[in-house]
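Novice: A predicted structure for the sequence below; I have some questions about it.
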Amino acid sequence: MLFATLEHILTHISFSTISIVITIHLITLLVRELRGLRDSSEKGMIATFFSITGFLVSRWVSSGHFPLSNLYESLIFLSWTLYILHTIPKIQNSKNDLSTITTPSTILTQGFATSGLLTEMHQSTILVPALQSQWLMMHVSMMLLSYATLLCGSLLSAALLIIRFRNSFDFFSLKKNVFLKTFFFSEIEYLYAKRSALKNTSFPVFPNYYKYQLTERLDSWSYRVISLGFTLLTVGILCGAVWANEAWGSYWNWDPKETWAFITWTIFAIYLHSRTNPNWKGTNSALVASIGFLIIWICYFGINLLGIGLHSYGSFTLPSK
Amino acid sequence: MPSPTSYLLLNPSKPSSFRWLSAPAPRLHARRFHVSCDAPRGSSGRSGGGRREAIPAGASKAKKQIVFFDAAPPVSQEGGAAVEKAGGEKPTTKVGSGGNAALALLRRATKRTLAVLSNLPLAISEMFAIAALMALGTVIDQGEAPSYYFEKFPEDNPVFGFITWRWILTPGFDHMFSSPVFLGLLALLATSLMACTYTTQLPMVKVARRWSFTHSGERIRKQEFADSLPRASVQDLGVILMGAGYEVFTKGPSLYAFKGLAGRYAPIGVHLAMLFIMAGATLSATGSFKGSVDVPQGLNFVIGDVMKPRGVLSVAPDVFNTEVHVNRFYMEYYDSGEVSQFYSDLSLFNLDGKEVMRKTIKVNDPLRYGGITIYQTDWGFSALQVKKNGEGPFNLAMAPLKLNGDKKLFGTFLPLEDVDSSNPNVKGISMLARDLQSIVLYDQEGKFVGVRRPSSKLPIEINGNEILIEDAIGSTGLDLKTDPGVPIVYAGFGALMLTTCISYLSHSQIWALQDGSTVVVGGKTNRAKLEFSEEMNRLLDKVPELISADENVFDTKSTAT
């Protein structure tokens, strides 16, 4: 009971802080020169991180197993991972545009997890026999880490595409779909323009040059982030295969979830290969990565939603059953 | 907003970026892709494969990059792989004039095939096709009877207006992952992998291995990253680079340094590991045995009786004559009543009746003996031991009653009248159970009477009969397999994990030249481009500025004037 209350408090703290953070982001987008607000949004992110970590730890202690046994816990873990991604470049003190991707992503996953949709799943559940293994921690955490990393990388690629082809978009007709994305991306663009302007104040400012530089940076960053995610995905899938050989009797069963993880892997392998061709680098590889973004969601969410195959643990239970 | 011309000028990759969608020129792309191995093709060959990413403006002019390997012997002397990419037809004609025309033809054909197979657009379209087929395989229900597809994809009312069962059954998409189309594509991808490794990656290693100096400041300045340090010494730079983890070589005024060479090799490892996995999987598919068996507690079976060969290469090992005895099958439960784990206590006996192994297996903890793996996968309710009015015990066989859903339900019947053909409507007591823990009893009229646990030893009175449930006998569902492919696949897994991790490393190369008192530095890297230039700027800031005697003189002079 104590743990349940604690978890309840922590999720609400994290959700409210992250809402404030996103509001600050919106304000800084509109009112551009508020340095102090931006710093406070960083503090907000740190507070969120601690409450999510606290939530996961208390879940672990109270349930006695690694808190990754259902969709709710995995979503919380996903937003935690997004936060880690947000922090790593900060520690290395290298500037990059990841935070504009990670912050809104964190709020979206967090918001979805805490929303009413999954309430019946909020209680930690017992572990079915097939999940009682040390591999649970290794496999599931690796998969979620890789999903988070690949999502960030493919969002960066999508940003690149949108910035490059912005003029050809008709924003009024696409307003609803693109609004969210444009919001993040114009923010990145603005940030970058500001940074460059500070660097080269003496030079005349060509907007196109910045656009070019920005897309190059985005391209380079998304490549690095996706490479990292691809490595994690490989490790995650292989851990899963070894586990399957212990639990299900074969290292590969063509289970829908497995198959989609493999499709994701293939798509990002295509991305990495398309980059070896200098003509395809940039737009075409970014297009592949953006396809990958959809594929990850099908793999992570769609398959569990359908509840098919061997991987249907701790997901929605459709009322018809 | 920018004018179109300036946009194109500043964004050189744009005009060509959509070419692959119309894809009319695959050979050109292929050549471009074979980055460094085509370096010796001519004296003006490119080393960087036209990498222009880090050069923002006017980059299209700098397409031709310098080859640093010119001074060294050409790669083509070292092996056929580079020759056929670089030298084109030349070596082939030589062989042809040597006399054996048929052999030359064969060689030429091989080279043509290799060139086609290692073509990047082909490999990418193979991967896309495989991904699409896999997706299709999860959309179409797999492994159903043909009548299912006749019904679901009827000819008179096709799905999407054209998909009938013929589309599904003719290419074998009802069993996608073993259909010839899918397996054929995988095989094609495997050959592409091999061809690419042979024609592209291996020559690239030979080039990358050779560290080389350059004596031309012009070449260094044309690198992706280039800078010049006035009043610096190349030796100081070398020490700083060494401190940053670079391997540094110096010769006179020249310096060459590199880091992360493993990152250049690792992709080869990735390809080889993929081939290993594919080979292992093929062996698994052709050389394994599988079987599953449902054994009541206390009974035996011989392994060989339940195993069925899966492919043409399946050879039965000697241990197939081993007999397995199920000593005990039991489940553990959570407080809430749900199953927490299944256990089967198994003993293995050889032909002489000697126990060779004993282990309690559970889900996630199989038994392995002589290449055979026994998994705990299922369970059933085999029989109920019941005493009626102190008589017995009788063993009542339990029958699985599958109503709906995943939950199991078993039932049995204890007749209270004589059973013979003259009386078809025998009345008796019905017993139902969801698991081995509790049995629900119903009387002759079908009315609920009570629930008893086998462990409680508490009798129940039904229609004047005293029923005592002595024991519930479970049966364990075991899966057995032998798989000779597993060691190979696991070796591939290990190699793949390791090499993909190493592939994240970036291979960075730095050249420097002492040009008077100035040091010209240039460098390039294959992956982390932004980090590389940041790192270089940081390192170059550390290089001490030399103030030598004559320069002091020069300085005072210049200030004086």
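Specialist: Noted; the coordinates are in hand.
Novice: contacts and neighbour counts: CA atoms only from here.
Specialist: Will do.
Novice: how about residue 218, what does it touch?
Specialist: No chain was given, so I picked chain A. Taking CA atoms under 8 Å, 6 or more residues apart in numbering or on different chains, we find A:Leu218 in contact with A:Asp97, A:Leu156, A:Ser157, A:Ala159, A:Leu160.
Novice: how close does the residue in the stretch 151-300 of chain B positioned nearest to chain A sit to B:Leu186?
Specialist: Closest contact between the stretch 151-300 of chain B and chain A, by CA to the nearest CA, is at B:Phe177 (7.4 Å). Distance of B:Phe177 to B:Leu186, given as CA to CA, to the nearest Å: 10 Å.
Novice: What does the residue of chain B found nearest chain A show for phi and psi?
Specialist: Scanning chain B for the residue nearest chain A gives B:Asn364, at 4.3 Å (criterion: CA to the nearest CA). Phi and psi for B:Asn364, reported as degrees, to the nearest 10, are phi 80, psi 0.
Novice: Kindly report the same for the one 10 residues further on.
Specialist: Dihedral angles of B:Ile374 (phi, psi; degrees, to the nearest 10) stand at phi -120, psi 120.
Novice: Can you give me the neighbour number for the residue lying closest to the residue of chain B closest to chain A once chain neighbours are set aside?
Specialist: Nearest non-adjacent residue to B:Asn364, counting by CA to CA, 6 or more residues apart in numbering or on different chains: A:Ala247, 4.3 Å away. Neighbourhood size, A:Ala247 [other CA atoms under 10 Å in any protein chain shown]: 23.
Novice: How is chain A divided into domains?
Specialist: Per the record, chain A has its domains at A:1-119, A:131-189+A:210-312, by the TED database.
Novice: which stretch in those has the least confidence?
Specialist: With a mean of 74, domain A:1-119 has the lowest mean pLDDT of the domains of chain A.
Novice: So which residues on the stretch 151-300 of chain A come close to chain B?
Specialist: A:207-209, A:212-213, A:216-217, A:220, A:224, A:227-228, A:231, A:234-235, A:238, A:243, A:246-249, A:254, A:256, A:259-260, A:262-263, A:266-267, A:270, A:273-274, A:276-284 (CA under 8 Å from any CA of the partner chain).
Novice: give me that answer again for 7 Å
Specialist: A:208-209, A:212, A:216, A:220, A:224, A:227-228, A:231, A:234-235, A:238, A:246-247, A:249, A:256, A:259, A:263, A:266, A:270, A:276-280, A:283-284 (CA under 7 Å from any CA of the partner chain).
Novice: Show the buried residues in these.
Specialist: With neighbours counted by 16 or more other CA atoms under 10 Å in any protein chain shown, those contain buried members at A:208-209, A:212, A:216, A:220, A:224, A:227-228, A:231, A:234-235, A:238, A:246-247, A:249, A:256, A:259, A:263, A:266, A:270, A:276-280, A:283-284.
Novice: give me every residue that touches the one residue in chain A that gets nearest to chain B.
Specialist: Closest to chain B within chain A is A:Ala247: 4.3 Å, counting by CA to the nearest CA. Residues near A:Ala247 by CA atoms under 7 Å, 6 or more residues apart in numbering or on different chains: A:Ala130, B:Val363, B:Asn364.
Novice: For the stretch 351-500 of chain B, just list every one of the strands.
Specialist: Using DSSP state E, counting those that start in this stretch, the strands of the stretch 351-500 of chain B run over B:355-362, B:367-369, B:372-388, B:391-397, B:399-400, B:410-415, B:428-433, B:439-442, B:448-452, B:460-462, B:465-482.
Novice: For these, give me CSV that also has distance to A:Gly44 and mean neighbour count.
Specialist: Converted to CSV, the strands of the stretch 351-500 of chain B look like this (distance: least, CA to CA, whole Å; neighbours: other CA atoms under 10 Å in any protein chain shown):
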stretch, distance to A:Gly44, mean neighbour count
strand B:355-362, 46, 17
strand B:367-369, 51, 16
strand B:372-388, 48, 21
strand B:391-397, 64, 15
strand B:399-400, 57, 16
strand B:410-415, 56, 18
strand B:428-433, 55, 20
strand B:439-442, 56, 20
strand B:448-452, 57, 15
strand B:460-462, 65, 16
strand B:465-482, 52, 22
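Novice: Need those strands in a markdown table (columns: mean pLDDT and distance to chain A).
Specialist: Output for these, formatted as a markdown table (pLDDT from 0 to 100; distance: least, CA to the nearest CA, whole Å):
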| stretch | mean pLDDT | distance to chain A |
| --- | --- | --- |
| strand B:355-362 | 92 | 8 |
| strand B:367-369 | 91 | 10 |
| strand B:372-388 | 87 | 6 |
| strand B:391-397 | 81 | 27 |
| strand B:399-400 | 84 | 20 |
| strand B:410-415 | 84 | 20 |
| strand B:428-433 | 85 | 20 |
| strand B:439-442 | 87 | 23 |
| strand B:448-452 | 85 | 25 |
| strand B:460-462 | 81 | 33 |
| strand B:465-482 | 87 | 7 |
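Novice: Tell me which helix or strand comes right after the host helix or strand of B:Ala123.
Specialist: Secondary structure assignment for B:Ala123, by DSSP states H and E: helix B:120-139. Next in sequence after helix B:120-139, counting helices and strands by DSSP H and E, comes helix B:146-152.
Novice: starting at the chain centroid, how far to that following helix?
Specialist: A distance of 33 Å separates the centroid of the chain from that of helix B:146-152, by CA atoms, centre = their mean, to the nearest Å.
Novice: next structured bit after that helix?
Specialist: Assigned by DSSP H and E, the successor of helix B:146-152 is helix B:165-169.
Novice: now what about that following helix, what contacts it?
Specialist: B:Tyr149, B:Phe150, B:Phe153, B:Pro154, B:Glu155, B:Asp174.
Novice: so how far is the helix holding B:Ala123 off the chain centroid?
Specialist: From the chain centre to the centre of helix B:120-139 is a distance of 15 Å (CA atoms, centre = their mean).
Novice: and that helix with chain A, contact?
Specialist: Yes - Helix B:120-139 reaches chain A (CA under 7 Å from any CA) through B:Ile124, B:Met127, B:Ala131, B:Met134, B:Thr138.
Novice: how close does the most centrally placed residue in chain A sit to B:Phe448?
Specialist: Nearest to the mean C-alpha position of chain A, by CA atoms, centre = their mean, lies A:Ala148 at 3.4 Å. In this view, A:Ala148 and B:Phe448 are 53 Å apart by CA to CA.
Novice: Show me how to select, in ChimeraX, the buried members of the contacts of A:Leu218.
Specialist: One line in ChimeraX is enough to select the buried members of the contacts of A:Leu218, burial here meaning 16+ other CA under 10 Å:
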select /A:97,156,157,159,160
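Novice: Pull the residues that contact whatever helix or strand A:Leu294 lives in.
Specialist: Per DSSP H and E: A:Leu294 is located in helix A:283-297. With CA under 7 Å, 6+ apart as the test, helix A:283-297 has contacts from A:147, A:151, A:154-155, A:157-158, A:161, A:264, A:267-268, A:271, A:274-275, B:17.
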